[in-house]
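**Student:** turn this into a structure:
(2 chains)
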Amino acid sequence: MVDYKAVMIGGSAGSFQIVTRIISSLPKNYSLPIFLCLHRLKHVRSGFVEALSIKSALPIFEPNDKDPIKPGVIYLAPANYHMYIELGNKFSLSTEEPVNHSRPSIDLSFMSSAYNYKRKLVGIILSGANKDGAIGLKKVKDNGGLTIIQDPAECQVATMTNACLQTTQVDHIFSTTEIIRFLNKIG
Amino acid sequence: MINDIGIVDTKKIIAAINDAYSIDFSSLALTAFKRRVLKVMNDHNYSSIVDFIHRLENDAQLFGKYLSEGMIDTTEMFRDPSFWRDLRDVHLPNLFKTYGKINVHIPGVTSGDDVYSFVILLKESGFLNKTKIIVSSLSQLRLDAIKNGAIYDIRKMENSEANHKRFSGSFELSDYYSIESNKAIMNSELVENIEFKKYSYLQDSPLTGQHLILYRNKMIYCNATLQDKIGQKLFDSLLTGGILCVGSRENIETGPFARKLLTLNSVEKIYKKRTA
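**Tutor:** Residues are numbered from 1 along each chain as shown, chains lettered A, B, ... in the order given. Coordinates of the predicted model:
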């Protein structure tokens, strides 16, 4: 079994409850960093972390630029910035143009983390109403990482996961329960 | 179309620019820098790094154009309206009360969003004639564009309008621009008293004597070492009692001069120089 170093999760419409279920299932001593890139309202900067934190045993932060990445921490891409993972295990934020009408863009977060972690990355795409994330998940696969999508049959909106199926030979189609079981096994 | 550039090619491009123009990009944050290079190369249909470097090295005018095009200019006016409100309602009045007139430096401009946001704020608050502003950039093309009314894509103005509404409540952003063939052109009278200056924080000496520096979402494009260097220059150019504003997710609280700063607003990242 691969010794994974990080988990990147992307989601949009219909993903909030799934993310909440996933992070509430992780134990306090979880050993990997988890990155969440979720589409959100750009002008609402506060409240999201707080809402997610209620259910989580792990600390959740929106990183500042150049913050170091720590294991056992959940990081949420801040509103109105792209979130990159840089070589040297640091975050970088960016105000470059929205991609797929989104800032943060799931594609960009996935691409930079795929480049940084190569085969040690797990990329997971959840429910969502646009195709942001499909190219990013492909990059994860191209770099040797593990690719998972939430079962489109279970997604509230399956546009995003279906776009992934069209561009990438994904490794697993998992239900939320299976995603939870898998994440608990690797970290 | 090129999809990715490797680290070796990126370093070649950086070295070529440094050799030809003495502009050192080696300490920029890598992911964003690579994306900018890719954008310029793809916009101009380059398929070979060697060609691209050759053209860059041998055509200064073209380099100036690419430098301008590569700059990240995709923020909006009044980004983070609560920042601008706090500046207007609390910190600027304090500065004017203490000093009467103030000097402001807005470095590293690209689109001029913060420049126009700031002068509109000053105008709406009646502070415009008490403020001496320097706007600086590495790119002369960008400075000229802002001076002449910074032409914005009309789609971007929707965001800016919404931000301005959250900021102001009493004025309309559309009072400050006109529309020509789907572009918004800012009223350049707003910036007619501004000094525009081609300027590099790394090479040129600090523009000292500033009461306020607006440097929001610029340092995110540098690596940590360069951030400290630039941070120090910003700090040096501020008067004691002067105010430094950075982007809401930028971190200067770990920099070498951090203990000489007082945090005025930890969410909006507004700091005051308290020790010379």
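**Student:** ok, now which ones touch the nearest residue to B:D43 once chain neighbours are set aside?
**Tutor:** The shortest distance from B:D43 to any non-neighbouring residue, by Cβ to Cβ, 6 or more residues apart in numbering or on different chains, is to B:E69 (6.8 Å). Using the backbone N, CA and C atoms, a C-beta is placed for each residue, glycine as well. Taking Cβ atoms under 8 Å, 6 or more residues apart in numbering or on different chains, we find B:E69 in contact with B:39-40, B:43.
**Student:** which of those are buried?
**Tutor:** Neighbour-count burial (16 or more other Cβ atoms under 10 Å in any protein chain shown) is assigned, among the contacts of B:E69, to B:39-40.
**Student:** wait, which of the contacts of B:E69 is closest to chain A?
**Tutor:** B:K39 (8.9 Å; Cβ to the nearest Cβ).
**Student:** hang on, the residue nearest to B:D43 in a helix?
**Tutor:** Yes. Counting by DSSP: H, G, I helix; E, B strand; the rest coil, one finds B:E69 located in a helix.
**Student:** low-confidence ranges, chain B, go.
**Tutor:** Flagging of chain B using pLDDT under 70 yields the residue ranges B:169.
**Student:** what parts of chain A come near chain B?
**Tutor:** Contacts of chain A with chain B, taken as Cβ under 8 Å from any Cβ of the partner chain, map to A:42-43, A:45, A:62-67, A:78, A:80-81, A:84, A:86-87, A:90, A:92-98, A:112, A:115.
**Student:** of those residues, just the buried ones, ChimeraX syntax please.
**Tutor:** Buried members of the residues of chain A next to chain B, defined by 16+ other Cβ under 10 Å, are picked up in ChimeraX with:
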select /A:42,43,45,62,63,64,65,66,67,78,80,81,84,86,90,92,93,94,95,96,98,112,115
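**Student:** ok, back up a step: make TSV out of the contacts of B:E69 and add secondary structure.
**Tutor:** TSV is the format used below for the contacts of B:E69 (three-state DSSP):
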residue	secondary structure
B:K39	helix
B:V40	helix
B:D43	helix
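**Student:** what's the next secondary structure element after the helix or strand of chain A with the lowest mean pLDDT?
**Tutor:** Least confident helix or strand of chain A, by mean pLDDT, DSSP states H and E, is helix A:48-53 with a mean of 90. Counting by DSSP states H and E, the next helix or strand C-terminal to helix A:48-53 is strand A:60-61.
**Student:** so B:A150 touches B:V119, yeah?
**Tutor:** No. Using Cβ atoms under 8 Å, B:A150 is not in contact with B:V119; the gap is 11.1 Å.
**Student:** who touches residue 49 in this structure?
**Tutor:** Just so you know, I chose chain A. A:60-62, A:76.
**Student:** please go with chain B instead
**Tutor:** B:5, B:9, B:12-13.
**Student:** which of the residues you listed fall in helices?
**Tutor:** Counting by DSSP state H, the part of these found in helices is B:9, B:12-13.
**Student:** quick one: which of the residues you listed is most hemmed in?
**Tutor:** Neighbour counts for the ones in helices among the contacts of B:I49 (other Cβ atoms under 10 Å in any protein chain shown) peak at B:I13, which has 19 neighbours.
**Student:** which residues of the stretch 1-150 of chain B lie near chain A?
**Tutor:** B:29-32, B:35, B:72, B:74-75, B:79-81.
**Student:** sorry, back to before: what's the closest of the contacts of B:E69 to B:L207?
**Tutor:** Closest approach between the contacts of B:E69 and B:L207, by Cβ to Cβ: B:V40, at 29.1 Å.
**Student:** verify the contact between that closest one and B:I72 for me.
**Tutor:** No. Using Cβ under 8 Å, B:V40 is not in contact with B:I72, being 11.9 Å away.
**Student:** can you name every helix or strand that the helix or strand that B:F118 is a member of contacts?
**Tutor:** According to DSSP H and E, B:F118 maps onto helix B:113-125. If contacts are counted by 3 or more Cβ pairs under 8 Å, 6 or more residues apart in numbering or on different chains; DSSP states H and E, helix B:113-125 sits against strand B:102-106, strand B:131-137, helix B:154-167.
**Student:** now render those as a markdown table, adding mean neighbour count.
**Tutor:** Formatted as a markdown table, the helices and strands packed on helix B:113-125 follow (neighbours: other Cβ atoms under 10 Å in any protein chain shown):
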| stretch | mean neighbour count |
| --- | --- |
| strand B:102-106 | 22 |
| strand B:131-137 | 21 |
| helix B:154-167 | 17 |
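**Student:** what are the ranges of the strands in chain A?
**Tutor:** Assigned by DSSP state E, chain A shows strands spanning A:6-11, A:34-38, A:60-61, A:74-76, A:82-86, A:90-94, A:121-125, A:146-150, A:172-174.
**Student:** the third one: partners in the sheet, and parallel or antiparallel?
**Tutor:** It refers to strand A:60-61. strand A:74-76 (parallel) (DSSP bridges).
**Student:** higher neighbour count, B:A150 and B:V119?
**Tutor:** Regarding B:A150 and B:V119, a neighbour count based on other Cβ under 10 Å identifies B:V119 as having more, with 27 against 23.
**Student:** how close does the most centrally placed residue in chain B get to B:P206?
**Tutor:** Residue closest to the mean C-alpha point of chain B, counted by Cα atoms, centre = their mean, is B:V109 at 3.3 Å. According to Cβ to Cβ, to the nearest Å, B:V109 stands 17 Å off from B:P206.
**Student:** low-scoring stretches of chain A, by residue?
**Tutor:** Scanning chain A residue by residue, none of them satisfies pLDDT under 70.
**Student:** who are the contact partners of A:S56?
**Tutor:** A:S56 sits next to A:23-24, A:26, A:74 when contact means Cβ under 8 Å, 6+ apart.
**Student:** and what of A:C164?
**Tutor:** Taking Cβ under 8 Å, 6+ apart, one finds A:125, A:133-134, A:137-138, A:147, A:149, A:170 in contact with A:C164.
**Student:** A:F91 contacts A:K66, correct?
**Tutor:** Yes. Using Cβ under 8 Å, A:F91 is in contact with A:K66, at 6.6 Å.
**Student:** would you map the helices across chain A?
**Tutor:** Along chain A, the segments classed as helices by DSSP H run A:16-24, A:48-53, A:106-117, A:134-142, A:159-167, A:176-186.
**Student:** so where do the strands sit in chain B?
**Tutor:** Using DSSP E, strands in chain B cover B:102-106, B:131-137, B:151-153, B:177-180, B:183-186, B:195-198, B:210-215, B:238-246, B:261-265, B:270-273.
**Student:** closest one to A:A163 among those?
**Tutor:** Per Cβ to Cβ, nearest to A:A163 of those: strand B:151-153, 26.6 Å.
**Student:** direction included, what does the closest one pair up with?
**Tutor:** By DSSP bridges, strand B:151-153 pairs with strand B:183-186 (antiparallel).
**Student:** is B:G149 in contact with B:A184, as I believe?
**Tutor:** No. Contact between B:G149 and B:A184 fails when scored by Cβ under 8 Å: they sit 9.1 Å apart.
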